[in-house]
Every structure is written in C-alpha cells, then in structure tokens.
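*Asks:* build me a model from this:
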Amino acid sequence: MRAVLDPNILISALLAPNGSPAQALSRWVGGEYDLVVSPFLLAELERALAYPKLRARIAPEAAGEIVSFLERAAILMMDPEKSPRRSSDPGDDYLLALAEQAKAVLVSGDRHLLDLTDRFPVRDPRSFLDGLGA
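*Replies:* This is a model prediction of the structure:
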C-alpha cells in the first residue's frame with residue numbers, strides 16, 4: 001500500500017507523539033506501507049515548520065532533519081503537472097493529484113479533503129490506521 005500524508009498530518013505527528021498521525025508515521029518507518037512525497041509537499045512542510053508558532057515547539061534543526069529524512073527515505077515523485085480543481089481549497093488539489101498519480105491513499109485532517117472520501121481515497125489518520133490493521 002502507498003500513502004501520501006498531508007503536511008498537516010506530518011506536523012501533527014511531530015507535535016503529538018502519541019496521536020494517530022504519529023502512529024501513522026511510525027508504521028511507515030516500521031515498513032507497513034510506502035510513503036510518497038513530492039518536492040511541493042516537502043516545500044509546504046518546510047514552510048509550515050518555519051511559522052513562529054511551530055518554531056516555538058519544533059526546533060529549526062529538528063524540522064530540517066525531518067524534511068531531509070522524508071526526502072531520502074520516502075518515495076519521491078515529481079509533482080503532477082496539472083492539479084485539476086477538486087476540493088474547496090485549490091491549494092490542496094496537488095495532494096489529490098499526487099495520490100492519484102502514485103496510486104496512493106491520501107491521509108489528511110482537513111475537512112474539505114475528507115468531504116471527498118466518496119470520490120477519492122482520502123482517509124483520516126484513524127481510518128487509515130484501521131485499514132492497515134485489516
């Protein structure tokens with residue numbers, strides 16, 4: 001199985017080490033699925049980790065190490081050339097396009113993406129973990 005983790009899931013994993021997002025990340029490290037990232041996803045994660053609110057909780061050095069680790073250890077795919085408008089937040093359409101290109105599940109906490117579960121393989125972290133256990 002392949003999965004794309006929305007940057008909000010990766011950030012949540014770093015902030016709450018016992019939550020479902022952290023468990024999802026840990027299960028990737030444990031080899032239970034293949035994680036897919038792209039240059040745009042990594043750039044978005046890096047940009048978000050530089051926000052003052054997050055810098056107060058995640059040291060810049062640790063943030064850089066996380067991004068570098070993901071770039072090296074995950075499956076790095078090129079960003080899709082076109083991201084058709086599919087969600088109410090066009091800034092996240094690239095995630096749907098990346099998951100589709102990679103034949104992966106998109107794991108997100110964003111309501112506007114989770115509202116699309118009837119049309120796309122989008123799961124919240126708990127549902128994703130439950131699917132891994134099946």
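*Asks:* quick one: the helices in the chain?
*Replies:* Along the chain, counting by DSSP state H, helices occupy 7-15, 20-29, 39-49, 52-55, 60-73, 93-102, 111-114, 125-133.
*Asks:* the fifth one - contacts with which helices or strands?
*Replies:* With contacts defined as 3 or more CB pairs under 8 Å, 6 or more residues apart in numbering; DSSP states H and E, the secondary structure elements packing on helix 60-73 are helix 7-15, strand 34-37, helix 39-49. Backbone N, C-alpha and C define where each C-beta goes, glycine included.
*Asks:* what separates the first one from the chain centre, distance-wise?
*Replies:* Put plainly, it is helix 7-15. 8 Å (CA atoms, centre = their mean, to the nearest Å).
*Asks:* quick check: the residue lying closest to Glu71 once chain neighbours are set aside vs Leu10, distance?
*Replies:* Distance criterion CB to CB, 6 or more residues apart in numbering; nearest residue to Glu71, sequence neighbours excluded, is Leu42 at 5.8 Å. Here the criterion is CB to CB, to the nearest Å. By it, Leu42 lies 10 Å from Leu10.
*Asks:* hey, what's in contact with both of these two?
*Replies:* Residues within reach of Leu42 and of Leu10 at once, by CB atoms under 8 Å, 6 or more residues apart in numbering, are Leu70.
*Asks:* more neighbours: the two, which one.
*Replies:* More neighbours surround Leu10 than the other of Leu42 and Leu10, with 26 against 19 (other CB atoms under 10 Å).
*Asks:* what comes up buried for stretch 59-69?
*Replies:* Buried residues in stretch 59-69, counted by 16 or more other CB atoms under 10 Å: Ala63, Ile66, Val67.
*Asks:* I'd say the first one and Tyr51 touch.
*Replies:* Meaning Ala63. No: Ala63 is beyond contact range of Tyr51, at 10.2 Å (criterion: CB atoms under 8 Å).
*Asks:* I appreciate the help and will end here.
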